[in-house]
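# fold the stuff below for me.
(2 chains)
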Amino acid sequence: MAQPMIELQDVAKSFDGGTSEAVAGVSLAVAEGEFIALVGGSGSGKTTTLKMINGLIAPTRGRIRIAGEAVGAAEPHLLRRRIGYVFQEVGLFPHLSVAENIGITPKLMGEPKAAIEARVTELLDLVSLPRDYAARRPAALSGGQRQRVGVARALAAHPKLMLMDEPFGALDPVTRDALGGDYRDLHRRLGLTTLMVTHDITEAVLLADRVVVMDKGRVRAEGKPAELLASPDAEVRALMETPRRQADRVRARLEPAS
Amino acid sequence: MNERLASAWRLLPNYLGQHVLLSASALALGVLISLPLAVAASRNPRLRWIALLSAGLIQTIPSLALLALFYPLLLALSALSRDLFGAGFSALGFLPSLLALTLYSMLPILRNATTGILGVDPAVVEAARGVGMTDRQRLFMVELPLAAPVIMAGVRTAAVWTIGTATLSTPVGQTSLGDYIFSGLQTEDWVLVLFGCAAAAGLALIVDQLLGLIESGAALRDRRRIVGGGLGLVVGTALALAPLAAGGGTGERVVVGAKNFSEQYILASLMSDRLRAAGFNVSEKDDLGSAVAYQAVASGEVDTYVDYSGTLWTNVLKRTDNPPRKLLLAQLTDALKVRDGVVVLGPLGFENAYALAMRRDEANKLGIHSIANLAQHAPDLTLGSDLEFLSRPEWAALKGAYGLNFKAEKRYQPTFMYKAVTGGEADVISAFSSDGRIVADDLVVLSDPRQAIPPYDAVILLSPRRSADPSFVAALRPLIGAIPVEAMRKANLSVDRDQDKQTPAQAAQDLAKAISLAPH
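Alright, predicted model coming up:
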């Protein structure tokens, strides 16, 4: 493998002065262009791992490199401007318009106003939002529209790496499916590297090239979805089979035995 | 009535201007200190605890006491700076008021700004970090704009408090709308009190509405409201301050002080008229506390005022002996000159002594003619005093000399003290011998056979610097020995009575005519 886009070496994070370890030594390498889904139950350390990668949380031990560069070597805000981050709660700035929200990172980087405006229009098209939404406030948008703005905001400064924390978790299933598919296309077209935290195995299987299963702050298993279905670990197998089991049950209910 | 209202209107531009200058400066300073402090406090829980606790503690100090406490503090600092740098500053008036009001304005701003910043949605704060903002950018681009409505609500509360409390800065020598209230209270001029209250309330209401406009503009993100409110505040402040900038007049600036009762207002007005006629540019500082007034003339912040020999003897010189009237005056004159460089120009010709007085019918019924008689009946009687008498050394001396022990002791504003004795709420009061109300209310003054109360000759005091100014001294000298006690009582009564009241300025003009002072 060439130099990985993300490289974690025995990364750990403990809170409350070391009494509880949210992440207990994770090592992981993500290649450029890969789409990784980070799955696991609540409290398995997925989100903490994601936040350590862009410096929102400082690890208590271990090393993180992005494109070969150690996280923490440079000013954290400069690193974050180069990484797209999509939050579960979206976190749009309620006092700014959609256009101002999308253009925030280029503005922080001092790009000229005209360039930002052009970029905002381009991104609205990219995430399939009408251009006249630019002047709206976030409060005037639906949940799915807000998350599209969140994705556009993360893409604004042409990042190569996207970190997404349950980006579609709070959306209705139809919107969620549509947005997931749309994002998968963007990932491919823009040549992104994506690390997405999700608790939805179906989403992970449908979108990701590779799935990383976390449990109690450690990586329990990783591999292509098909590989994990054949995992020697019974629990991992059970987890990965959830979508299929559910689909069987759904079919059983909808097609009564003839 | 019309003349009183008209004179109140004439004073309004100056009072309002001073009031606005003081409250606006205090509020601006309060915002300037509180906002950065709130930002720091929102980042640091320990600092937050300390800052909010201290601001809360300051708030529990009664505002009048807070204002009063800054005076001795600044006086000491000013003396220190005079020693160190050769130049002091005025410990009276604007500075102590400004500092006290600034402290007072801080709590609501601090509390609201801290709450506002901490109350910003954590998801939005994390997103701000996530998109690559520095701490400073996050503060200015996200946290402060989102906390703005809450912060403005705090500023609004602080503004209303500051404007209201600024009326209490009058006793430390800062002119404000409180001058109406304090003077009105002393002279029983309820029109004046109401006028002052209405002016202060009106000012607070207007400022509150304009700040409210800015607050709602911040909440609704409506720039027109913010600009409109801000413009209203700026224009209003400029209009209120214009008379101060335009004011002035010609001639050398001198300050005539007055303590907080009618006789003092009248005499200050009388002296001001004469100084003006002599070409000075006179301003008056009314309603000074006893100790404040003397300190002010000693430090030169006030150029002249009238005080009373016994008061200075016991309160300033802390003497407990009681020499005869002439000797006391001579010793006092020497002692003040040596100690503080303050010059006693001379006695005006009347005494305003503390005197125990009773209703004539009650005194006759009980057979009380002197304080010695009174001592036997005291355990069944209630003493009404002014606000300071019971704390003064004269009272301790009097109590000791006669073994006085009253059933109860109540303190009143002088005005209400007379009401209390005529209404039967108090049996004996610490009256003032030059007060016209003694005659008007048919009170008897009890004699003092053991001479426990010192003589209280009204004397003109001059600040060390001004005593060397021949034209200043010449303007005031004709008043020495010129005012008999009857003339003073009559003037006092014309201001204090309920019907057909006069302003102190009118009373001063009539007094000048009555004692037929040759125009200087």
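# which SS class is whatever residue of the stretch 1-150 of chain A ends up closest to chain B?
Closest to chain B within the stretch 1-150 of chain A is A:Gly91: 2.9 Å, counting by CB to the nearest CB. (Glycine included, C-beta is placed from N, CA and C.) Assigned state for A:Gly91: coil (three-state reduction, DSSP: H, G, I helix; E, B strand; the rest coil).
# surely it and A:Arg153 touch.
No - shown here, A:Gly91 and A:Arg153 do not form a contact pair, counting by CB atoms under 8 Å, at 9.2 Å.
# who has more neighbours out of the two?
Neighbours of A:Gly91 and A:Arg153, each counted by other CB atoms under 10 Å in any protein chain shown, are more numerous for A:Arg153; the result is 30 against 26.
# what does the stretch 101-250 of chain B put close to chain A?
Contact residues of the stretch 101-250 of chain B with respect to chain A, defined by CB under 8 Å from any CB of the partner chain, are listed as B:121, B:123-124, B:126-134, B:137, B:141-142, B:145-146, B:221.
# ok, of the residues you listed, which come out buried?
Listed as buried from these are B:124, B:126-134, B:137, B:141-142, B:145-146; burial here means 16 or more other CB atoms under 10 Å in any protein chain shown.
# quick one: which of the residues of the stretch 101-250 of chain B next to chain A sit in helices?
Residues from these lying in helices, with DSSP state H as the criterion: B:Ala123, B:Val124, B:Glu126, B:Ala127, B:Ala128, B:Arg129, B:Gly130, B:Gln137, B:Pro145, B:Leu146.
# which residues of chain A lie near chain B?
Within chain A, the positions near chain B by CB under 8 Å from any CB are A:54, A:56, A:77-81, A:85, A:87, A:89-95, A:104-105, A:108-109, A:153, A:157.
# please redo it, this time with the cut-off set to 6 Å
By the rule CB under 6 Å from any CB of the partner chain, the part of chain A lying against chain B is A:Leu56, A:His77, A:Arg80, A:Arg81, A:Tyr85, A:Phe87, A:Glu89, A:Gly91, A:His95, A:Ile104, A:Thr105, A:Leu108.
# quick check: closest non-adjacent residue to the residue in the stretch 151-258 of chain A that chain B sits nearest to.
With distances taken as CB to the nearest CB, the stretch 151-258 of chain A approaches chain B most closely at A:Arg153, which sits 6.7 Å away. By the measure of CB to CB, 6 or more residues apart in numbering or on different chains, the closest residue to A:Arg153 outside its immediate chain neighbours is A:Ile102, 5.0 Å from it.
# tell me the phi and psi of that neighbour?
The phi/psi pair for A:Ile102 (degrees, to the nearest 10) reads phi -70, psi -40.
# low-confidence stretches in the chain?
Picking chain A for this. Across chain A, residues meeting the criterion (pLDDT under 70) sit at A:1, A:257-258.
# hmm, I had chain B in mind actually
For chain B, applying pLDDT under 70 flags the ranges B:1-2, B:86-88, B:246-251, B:517-520.
# go ahead and flag the most central residue of chain A.
The centre of chain A sits closest to A:Met164, judged by CA atoms, centre = their mean, with a distance of 1.7 Å.
# helix, strand or coil for that one?
Applying three-state DSSP to A:Met164 yields a three-state assignment of strand.
# just the strands in chain B please.
Along chain B, the segments classed as strands by DSSP state E run B:253-259, B:281-288, B:304-308, B:343-351, B:354-359, B:382-385, B:408-411, B:428-432, B:443-445, B:457-462.
# can you map out the helices along the stretch 51-200 of chain A?
In the stretch 51-200 of chain A, the helices defined using DSSP state H, counting those that start in this stretch lie at A:76-81, A:98-102, A:104-108, A:113-126, A:143-155, A:173-190.
# what's the most buried one of those?
helix A:98-102 (a mean of 25; mean count of other CB atoms under 10 Å in any protein chain shown).
# now for that one, which elements pack on it?
The helices and strands touching helix A:98-102, judged by 3 or more CB pairs under 6 Å, 6 or more residues apart in numbering or on different chains; DSSP states H and E, are helix A:113-126, helix A:143-155.
# so what angle separates the directions of the longest helix seen in chain B and strand B:281-288?
For chain B, the helix with the greatest residue count under DSSP H is helix B:2-43. What separates the directions of helix B:2-43 and strand B:281-288 is an angle of 70 degrees, with axes from the mean of the first three to the mean of the last three CA atoms, to 10 degrees.
# and helix B:2-43, what does it pack against?
Applying 3+ CB pairs under 6 Å, 6+ apart, one finds that helix B:2-43 makes contact with helix B:45-60, helix B:94-118, helix B:144-165, helix B:190-220, helix B:223-246.
# helices or strands up against the fourth one?
Other helices and strands packing on helix B:190-220, by 3+ CB pairs under 6 Å, 6+ apart, are helix B:2-43, helix B:144-165, helix B:178-186, helix B:223-246.
# got the CA coordinates for the last one in PDB?
Taking C-alpha atoms only, helix B:223-246 is exported to PDB below (Å, rounded to 0.1, in the frame of the first residue of the first chain):
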ATOM      1  CA  ARG B 223     -30.100  45.400  11.200                       C
ATOM      2  CA  ARG B 224     -32.500  48.300  11.000                       C
ATOM      3  CA  ARG B 225     -33.600  47.900  14.600                       C
ATOM      4  CA  ILE B 226     -30.000  47.800  15.800                       C
ATOM      5  CA  VAL B 227     -29.000  50.800  13.800                       C
ATOM      6  CA  GLY B 228     -32.200  52.700  14.800                       C
ATOM      7  CA  GLY B 229     -31.700  51.900  18.500                       C
ATOM      8  CA  GLY B 230     -28.000  52.800  18.400                       C
ATOM      9  CA  LEU B 231     -28.600  56.000  16.500                       C
ATOM     10  CA  GLY B 232     -31.300  57.000  19.000                       C
ATOM     11  CA  LEU B 233     -28.900  56.500  21.900                       C
ATOM     12  CA  VAL B 234     -26.100  58.400  20.200                       C
ATOM     13  CA  VAL B 235     -28.300  61.400  19.200                       C
ATOM     14  CA  GLY B 236     -30.000  61.400  22.600                       C
ATOM     15  CA  THR B 237     -26.700  61.400  24.500                       C
ATOM     16  CA  ALA B 238     -25.300  64.100  22.300                       C
ATOM     17  CA  LEU B 239     -28.400  66.300  22.800                       C
ATOM     18  CA  ALA B 240     -28.300  65.800  26.600                       C
ATOM     19  CA  LEU B 241     -24.600  66.500  26.800                       C
ATOM     20  CA  ALA B 242     -24.700  69.600  24.500                       C
ATOM     21  CA  PRO B 243     -25.600  72.100  27.300                       C
ATOM     22  CA  LEU B 244     -22.600  70.900  29.300                       C
ATOM     23  CA  ALA B 245     -20.200  71.600  26.400                       C
ATOM     24  CA  ALA B 246     -21.900  74.900  25.600                       C
END
